[in-house]
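K.L.:
sequence plus the predicted model coming up.
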Amino acid sequence: MLNTGEILSTVSMIREQKLDIRTITMGISLYDLICDDPNRMAERVYDRICQRAGKLQSGGDMALAAIRSGKARVAVVDAQASANTVKKITDACIYYHVPLLTLPDGLLGAACGREGRMIAAVCDAGFASRLQMLMTEAE
């Protein structure tokens, strides 16, 4: 399991040595996650790895399937989503008792590395809890 120290060490290598770190076994490029704040970058790396590990289901069909199957711990909708998309995800979340978060315009796609993504479901309890905490702090 990754810990914060390992992530911050990777961030340090990227910043100081200008490395394009790639996790070969998972095929994940971390280069586009670089930012000035090491803690924020650690969060971005963790989020990307969770997505690739199947703990984040993005896209309408996959997110709704995760909600309906009981795997979703929290659902996320982008503020730019259409009224129909918002209704679908809201109805599913109410019916299956899944918390729903709304992210600012375009943030969901940027966060999961897929521009234009409007819906996602977080399937890991720790990841979901952290996301809910960050959203509460942002308000």
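P.N.:
Yep, that arrived.
K.L.:
so, low pLDDT: which residues of the protein?
P.N.:
Across the chain, the ranges flagged by pLDDT under 70 are 1-3, 6-7, 10-11, 13-31, 46, 49-54, 113, 138-139.
K.L.:
all helices of it, in order?
P.N.:
4-17, 38-52, 60-69, 83-96, 107-111, 125-138 (DSSP state H).
K.L.:
now the ones you listed in TSV, with mean neighbour count?
P.N.:
Every residue, glycine included, has its C-beta placed from N, CA and C. Listed next are the helices of the chain as TSV, based on neighbours: other C-beta atoms under 10 Å:
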stretch	mean neighbour count
helix 4-17	14
helix 38-52	18
helix 60-69	18
helix 83-96	14
helix 107-111	19
helix 125-138	14
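K.L.:
a markdown table for those, including distance to residue 118?
P.N.:
As requested, the helices of the chain are exported to a markdown table (distance: least, C-beta to C-beta, whole Å):
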| stretch | distance to residue 118 |
| --- | --- |
| helix 4-17 | 28 |
| helix 38-52 | 15 |
| helix 60-69 | 7 |
| helix 83-96 | 5 |
| helix 107-111 | 7 |
| helix 125-138 | 16 |
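K.L.:
residues near residue 119, how many?
P.N.:
Look at residue 119: counted by other C-beta atoms under 10 Å, it has 25 neighbours.
K.L.:
how close does it sit to residue 95?
P.N.:
15 Å (C-beta to C-beta, to the nearest Å).
K.L.:
could you do residue 136 as well?
P.N.:
Per C-beta to C-beta, residue 136 is found 24 Å from residue 95.
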